[in-house]
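J.: here are the coordinates; sequence isn't available:
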């Protein structure tokens, strides 16, 4: 395959889709959004509760040494710390992408460590993932890559191309692209996008999951400073507008302060700071690395 759409699929559907005006895109997105108003969600139990989380590798290297924290619904939390502090291990342990050795994790009201594989997959479908590597399919269009975000909740057997998806899903995917300012590149192959555009498509794909919570591991680390600032600002604004909960790791201390409500710092697998970002500055955070 060289360029989408696949042979025999007219470009007209792209033209029709890209004519979806901004108001229409917003309506399509809102019609499918599964996010309750922030005030309503804040009255419920926290989205994430972590108690006594421990993880070691090779039975000698302690990566998490009894971590405790709570993330209320709708809050944005930055995890910071030096390389090897345990940030990524903490994220993955909370999601049971790796199994913790001890402790409890309650995510979106469910006891993570008690879930069976099918239940675990269903719960993860409610979580949007954005990572340093964009993990787009290079030869597929931006629109098709975003459609892949619907896979966990779709009845379609093989929605690999936009031509296989119903119009409602195509419109929703386009609306997600519009949310990140990329409706005009819907038909463009992923390997023809810039780094910043690729990460924005990855964010749109995560939005396509209709997530209740977003998890991001160094989401702009692979981008140049200018693109990284632009993407992080857009990402944080989207999270706030949609009332989502966000847990992200970052080595950029200014991003942690600017785009999180709260900062948690790890050192040698333990929390050494947990404070509102409004009370912090870069110098204070940098001192934690000494």
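T.: All right, it came through fine. Bear in mind the structure is a predicted one, so any value in this text is a computation, not a measurement. Numbering: from 1, shown residues only.
J.: Walking through the stretch 1-150 of the chain, point out its strands one by one.
T.: Per DSSP state E, counting those that start in this stretch, the stretch 1-150 of the chain carries strands over the ranges 48-57, 61-71, 76-80, 102-107, 110-111, 127-131.
J.: Present these as JSON lines; the columns should include distance to residue 86, mean pLDDT and mean neighbour count.
T.: The way it works is simple: take the backbone N, C-alpha and C, and place the C-beta from them, glycine included. Formatted as JSON lines, those follow (distance: least, Cβ to Cβ, whole Å; pLDDT from 0 to 100; neighbours: other Cβ atoms under 10 Å):
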{"stretch": "strand 48-57", "distance to residue 86": "8", "mean pLDDT": "95", "mean neighbour count": "18"}
{"stretch": "strand 61-71", "distance to residue 86": "5", "mean pLDDT": "94", "mean neighbour count": "18"}
{"stretch": "strand 76-80", "distance to residue 86": "9", "mean pLDDT": "96", "mean neighbour count": "23"}
{"stretch": "strand 102-107", "distance to residue 86": "13", "mean pLDDT": "95", "mean neighbour count": "18"}
{"stretch": "strand 110-111", "distance to residue 86": "22", "mean pLDDT": "94", "mean neighbour count": "13"}
{"stretch": "strand 127-131", "distance to residue 86": "17", "mean pLDDT": "90", "mean neighbour count": "21"}
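J.: and residue 249, which of those is closest to it?
T.: strand 76-80 (4.6 Å; Cβ to Cβ).
J.: Low-confidence regions, this structure specifically.
T.: 1-43, 154-164 (pLDDT under 70).
J.: for it, longest helix please?
T.: As assigned by DSSP state H, the longest helix anywhere in the chain is helix 225-242.
J.: Identify the residues contacting it?
T.: 33, 35, 76, 130, 179-181, 194-196, 199-200, 203, 207, 214, 216, 219-221, 223, 244, 246, 252, 255, 258-259 (Cβ atoms under 8 Å, 6 or more residues apart in numbering).
J.: packing partners for the next helix or strand after that helix?
T.: As assigned by DSSP states H and E, the chain's next helix or strand after helix 225-242 is strand 245-249. With contacts taken as 3 or more Cβ pairs under 8 Å, 6 or more residues apart in numbering; DSSP states H and E, strand 245-249 sits against strand 76-80, helix 87-94, strand 213-217.
J.: Tabulate these (a markdown table), appending distance to residue 104.
T.: Output for the helices and strands packed on strand 245-249, formatted as a markdown table (distance: least, Cβ to Cβ, whole Å):
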| stretch | distance to residue 104 |
| --- | --- |
| strand 76-80 | 18 |
| helix 87-94 | 11 |
| strand 213-217 | 17 |
